[in-house]
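Visitor: Predicted model follows, preceded by the sequence.
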Amino acid sequence: MSEPIDFQSINDQDLLQLYCDLMEELRERKIVRTSNNPVADYAERVAVERLGLIHAEKEARGFDATDKNSTKYQIKGRRITKHNNSRQLGVIRDLEEHLFDHLIAVIFDEHLSLQEIWKIPHNFIKANSRYSEHQHGHIFIARLSLLEDNQEVERIY
């Protein structure tokens, strides 16, 4: 193996691109079956930075960030790839408890370049998701046809 890579000298977007290329190679070699991580953490970072939100404490239940008015946001990310173009977001737990006010859906392309950010009210998520017994939570698919033509939903990016 050659010299170790100095990751500190690589900017964030190039490092994410390197990750995506590596995951694709591992997938082609059948070392891994998927290539989704670190989408959730990166989606949170993007949403917090772009929307001027405040990260919630790690112990916070049911939400990932707040704004200056104490509005609570759950953030879900999705990476669309040539292998999987599903827009299904991560499982939403305890939806009935109304632990967040809005869900922020962050959609990336396969190179983790930002494609879309949606601000979706809790009641819209509740009305348009389904409960999965297997996953112990609600499933929401961020279909463009569902999001684009609804006045309750705001496309931020």
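Guide: Now that the structure is in, tell me what you want to look at.
Visitor: Check which residues of the biggest helix by length in the chain are buried.
Guide: If you go by DSSP state H, the chain has its longest helix at helix 12-28. Going by neighbour count (16 or more other CB atoms under 10 Å), the buried part of helix 12-28 is 16, 19-20, 23-24. Just so you know, the C-beta spots here come from the backbone N, C-alpha and C atoms, and that holds for glycine as well.
Visitor: and what of stretch 97-105?
Guide: 99-105.
Visitor: where exactly do the helices run in the chain?
Guide: Under DSSP H, the chain gives helices at 12-28, 39-51, 122-127, 144-147.
Visitor: Would you mind putting those into a markdown table with mean pLDDT and distance to Ser86 alongside?
Guide: Shown next, in a markdown table, are the helices of the chain (pLDDT from 0 to 100; distance: least, CB to CB, whole Å):
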| stretch | mean pLDDT | distance to Ser86 |
| --- | --- | --- |
| helix 12-28 | 91 | 16 |
| helix 39-51 | 93 | 13 |
| helix 122-127 | 98 | 17 |
| helix 144-147 | 96 | 13 |
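Visitor: Using a markdown table, lay out those together with distance to Thr66.
Guide: A markdown table is the format used below for these (distance: least, CB to CB, whole Å):
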| stretch | distance to Thr66 |
| --- | --- |
| helix 12-28 | 24 |
| helix 39-51 | 10 |
| helix 122-127 | 14 |
| helix 144-147 | 23 |
